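K.L.:
no sequence on this one, just coordinates:
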């Protein structure tokens, strides 16, 4: 019985130590604190782009659309589609101007088979990467 109590106490101490280590790691995980003051205002007024594809999988040269919106950008601002080719982002000959609402829609046809990483750029902003697989 005494051996069981020592084993249970050791397990409990180990669990507490692990919980403390995990909690400490989460607290110092490098996740930035929310911005405050002038920095928050700078982030709120920076140009930003969103991008979404209407299809996750397409056949070669099948048309799909990429749509999104531009924030803190004037209407009529050109946005350009880029494709990752190797280690470089290459601008494709697909440019669209934003509407008054800041939204845009592009028709896209890709022939490069496999997973394609795409993004939009414009007004100094870069959208998150959109992935579409071409079969």
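P.N.:
Okay, I see it. Since the model is a prediction, treat every value here as computed from it, not as a measurement.

K.L.:
shaky segments in this structure?
P.N.:
Along the chain, segments meeting pLDDT under 70 span 1-43.

K.L.:
Which parts of it are helices?
P.N.:
With helices called from DSSP state H, the chain shows them at 2-27, 38-45.

K.L.:
Strands of this structure, start to end?
P.N.:
Counting by DSSP state E, the chain has strands at residues 48-49, 52-53, 57-58, 63-71, 78-85, 88-97, 103-109, 114-122, 125-126, 130-134.

K.L.:
could you check the angle strand 130-134 makes with the fourth one?
P.N.:
Per axes from the mean of the first three to the mean of the last three Cα atoms, to 10 degrees, the angle that strand 63-71 makes with strand 130-134 is 170 degrees.

K.L.:
Just list what strand 63-71 packs against, helices and strands only.
P.N.:
Counting contacts by 3 or more Cβ pairs under 8 Å, 6 or more residues apart in numbering; DSSP states H and E, strand 63-71 packs against strand 48-49, strand 52-53, strand 103-109, strand 114-122. C-beta here means a position set from N, CA and C on the backbone, and glycine is covered the same way.

K.L.:
I'd like those strands laid out as a markdown table, including mean neighbour count and distance to residue 78.
P.N.:
Output for the helices and strands packed on strand 63-71, formatted as a markdown table (neighbours: other Cβ atoms under 10 Å; distance: least, Cβ to Cβ, whole Å):
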| stretch | mean neighbour count | distance to residue 78 |
| --- | --- | --- |
| strand 48-49 | 22 | 12 |
| strand 52-53 | 15 | 19 |
| strand 103-109 | 16 | 9 |
| strand 114-122 | 17 | 6 |
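
K.L.:
Export the ones you listed as JSON lines, with columns for distance to residue 79.
P.N.:
Putting the helices and strands packed on strand 63-71 into JSON lines (distance: least, Cβ to Cβ, whole Å) gives the following:
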{"stretch": "strand 48-49", "distance to residue 79": "7"}
{"stretch": "strand 52-53", "distance to residue 79": "13"}
{"stretch": "strand 103-109", "distance to residue 79": "6"}
{"stretch": "strand 114-122", "distance to residue 79": "4"}
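
K.L.:
Out of these, which gets nearest to residue 63?
P.N.:
strand 103-109 (5.2 Å; Cβ to Cβ).
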